[in-house]
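*Asks:* Provide a 3D model corresponding to the input given below.
(one chain, ligands or ions: 2)
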Amino acid sequence: MNLLTSYDRTRPRIAAVGMFDGVHAGHRHLLDVLCQAGDEMGLSPTVITFRNHPRKVVNPGSRVEMLSTLDDRLEMLSHAGIADCVVMDFNDGLRSMSARDFIVMLRDGYSVKAMVKGFNNRFGHERNLDMDDYIRIGREEGVEIICADEYRSVATPSVSSSTVRKLLHEHEVGKVAELLGRPYSIRGRVIHGKKLGRQLGFPTANIEPIGDSILVPGNGVYAAFATLSDGSRHRAILNIGHRPTVDGCDSPVNIEVHIIDYDGDLYGTEMRIEFMAFLRKEMRFSGLDELKAQLARDVEAANALLL
Ligand SMILES: Cc1cc2nc3c(=O)[nH]c(=O)nc-3n(C[C@H](O)[C@H](O)[C@H](O)COP(=O)(O)O)c2cc1C
Ligand SMILES: Nc1ncnc2c1ncn2[C@@H]1O[C@H](COP(=O)(O)OP(=O)(O)O)[C@@H](O)[C@H]1O
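*Replies:* Ligands and ions are numbered 1, 2, ... in the order given. The predicted model follows:
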């Protein structure tokens, strides 16, 4: 996929606009419609997306937890068949544009001949435009507007990034995998911890998440896959929490991964962690032996789940 910073101005395009955070099944449905329409019309499927979340600009105090970094989003969009991507900074200028000005900007700036609009997708500062308005404005400006219907399946009646965020806070990583079409994952860098893990017989790589405001699932213990910087993928158990047995309850949240049947120096490296199943809540043990015994049971549980 090409990032359209300098681009072929003459290449005719069909575009979809949106944040596409997490590139979930609903997004991919829209992208399928985009690619198919592009095929039929001889237009290059192009996504117009934003570096920063529009909600943060519209509502500056709000904190939006992201399901994907920009790099991950672009990679997933490319896998979904998108030829080119335009990444815009969502700023006050863009925010104050009318739908007509936005369509004209895409037409004149990027040779956009047609657009695919999701059933609930809106652009432009107007609050009250309906699908017919977009189609009419598009027609008046020489841009065909195609409406994509809502993605629905029996297993996942309604798919949205906010539903995925809520489920992740509720430890529902299995349901999330259905909505995303893949397990939820984050990337992180291995930092130094208290060096207690190795003494326990369970070395744990302490993870600092990579990505601005990336969502960390609800506290607790998970079965996971860890993909290391050399590309190898390992079974793992993972804790997100305050470690009440070794730290105070008000200590900051730690993310720690014990990779099963692995020995090696990981400090400073990056890994991707896929959340496969929720195992249990974090507990306060009366001593390190009890914690050790529980970790051994966690490994057993993870081994049974991660086939
Ligand atoms: C899978 C897993 C589960 C854990 N569960 C708990 C827990 O229930 N309670 C707790 O206090 N600490 C828990 N821990 C955190 C350990 O106390 C911590 O990893 C250990 O003290 C090593 O810390 P260090 O990496 O800073 O050396 C867990 C760690 C892992 C990897
Ligand atoms: N199986 C393993 N899982 C996780 N980390 C491992 C493993 N084997 C070795 N390591 C290394 O050991 C470190 C964790 O050991 P630990 O004693 O818990 O130290 P720290 O408190 O600094 O995390 C990891 O950062 C990694 O470099």
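*Asks:* burial of Gly220, as a residue count?
*Replies:* Using other CB atoms under 10 Å, Gly220 has 16 other residues around it. The C-beta positions use only the backbone N, C-alpha and C, and glycine is treated the same way.
*Asks:* my bad, Glu256
*Replies:* Glu256 - counted by other CB under 10 Å - has 19 other residues nearby.
*Asks:* my guess is it is in a strand, correct?
*Replies:* Yes. Counting by DSSP: H, G, I helix; E, B strand; the rest coil, Glu256 is located in a strand.
*Asks:* residues contacting it?
*Replies:* Contacts for Glu256 (CB atoms under 8 Å, 6 or more residues apart in numbering) come out as 193, 197, 204-207, 238-239, 243.
*Asks:* So which of the residues you listed reach ligand 1?
*Replies:* 193, 197, 204, 206, 238-239, 243 (CB under 6 Å from any ligand atom).
*Asks:* Which members of these are classed as buried?
*Replies:* Neighbour counting with 16 or more other CB atoms under 10 Å marks 193, 197, 204, 206, 238-239, 243 as buried within the ones next to ligand 1 among the contacts of Glu256.
*Asks:* Mark which of these are part of helices, please.
*Replies:* With helices taken from DSSP state H, the overlap with those comprises Gly197.
*Asks:* Go back to the buried ones among the ones next to ligand 1 among the contacts of Glu256 and keep what's next to ligand 2.
*Replies:* When contact is defined as CB under 6 Å from any ligand atom, these meet ligand 2 at 193, 197, 204, 206.
*Asks:* May I have the beta-bridge partners of the last one?
*Replies:* When you say that, I think you mean Asn206. In this entry, Asn206 is beta-bridged to Ile191, Glu256, by DSSP bridges.
*Asks:* Give me the pLDDT for it.
*Replies:* Note on Asn206: pLDDT of 97.
*Asks:* What are the buried residues along the strand ranked longest in the chain?
*Replies:* The residue-count maximum for a strand in the chain (DSSP state E) belongs to strand 270-280. Residues of strand 270-280 classed as buried by neighbour count (16+ other CB under 10 Å): 271-279.
*Asks:* Also stretch 172-182?
*Replies:* Of all the residues in stretch 172-182, those buried under the rule 16+ other CB under 10 Å are 172-173, 175-180.
*Asks:* pLDDT, distance to Glu256 and secondary structure added to the residues you listed, as a markdown table?
*Replies:* Compiled in a markdown table, these are given as follows (pLDDT from 0 to 100; distance: CB to CB, whole Å; DSSP: H, G, I helix; E, B strand; the rest coil):
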| residue | pLDDT | distance to Glu256 | secondary structure |
| --- | --- | --- | --- |
| Glu172 | 97 | 21 | coil |
| Val173 | 98 | 17 | helix |
| Lys175 | 94 | 24 | helix |
| Val176 | 96 | 21 | helix |
| Ala177 | 96 | 22 | helix |
| Glu178 | 93 | 27 | helix |
| Leu179 | 93 | 26 | helix |
| Leu180 | 95 | 24 | helix |
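*Asks:* Could you point out which of those is nearest to ligand 1?
*Replies:* Checking those against ligand 1 by CB to the nearest ligand atom gives Val173 as the nearest, at 14.6 Å.
*Asks:* The residue lying closest to the closest one once chain neighbours are set aside: what's it in contact with?
*Replies:* Spatial nearest neighbour of Val173, chain neighbours left out: Phe275 (4.3 Å); criterion: CB to CB, 6 or more residues apart in numbering. Neighbouring residues of Phe275 by CB under 8 Å, 6+ apart: 168, 173, 176, 183-185, 217, 222, 224, 238.
*Asks:* so Phe275 bridges to which residues?
*Replies:* Going by DSSP bridges, Phe275 forms beta bridges with Tyr184, Ala224.
*Asks:* Read off the pLDDT value for it.
*Replies:* pLDDT for Phe275: 98.
*Asks:* In the stretch 51-200 of the chain, what residue spans correspond to strands?
*Replies:* Taking DSSP state E, counting those that start in this stretch as the test, the strands found in the stretch 51-200 of the chain are 84-88, 112-117, 144-147, 184-191.
*Asks:* can you put those in TSV and add mean pLDDT, distance to ligand 2 and mean neighbour count?
*Replies:* Shown next, in TSV, are the strands of the stretch 51-200 of the chain (pLDDT from 0 to 100; distance: least, CB to the nearest ligand atom, whole Å; neighbours: other CB atoms under 10 Å):
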stretch	mean pLDDT	distance to ligand 2	mean neighbour count
strand 84-88	93	34	18
strand 112-117	96	44	22
strand 144-147	96	49	17
strand 184-191	98	5	20
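*Asks:* Spatially, what comes nearest to His29 if we skip its sequence neighbours?
*Replies:* Using CB to CB, 6+ apart and skipping the chain neighbours, the partner closest in space to His29 is Tyr151 (3.6 Å).
*Asks:* Thanks a lot, catch you later.
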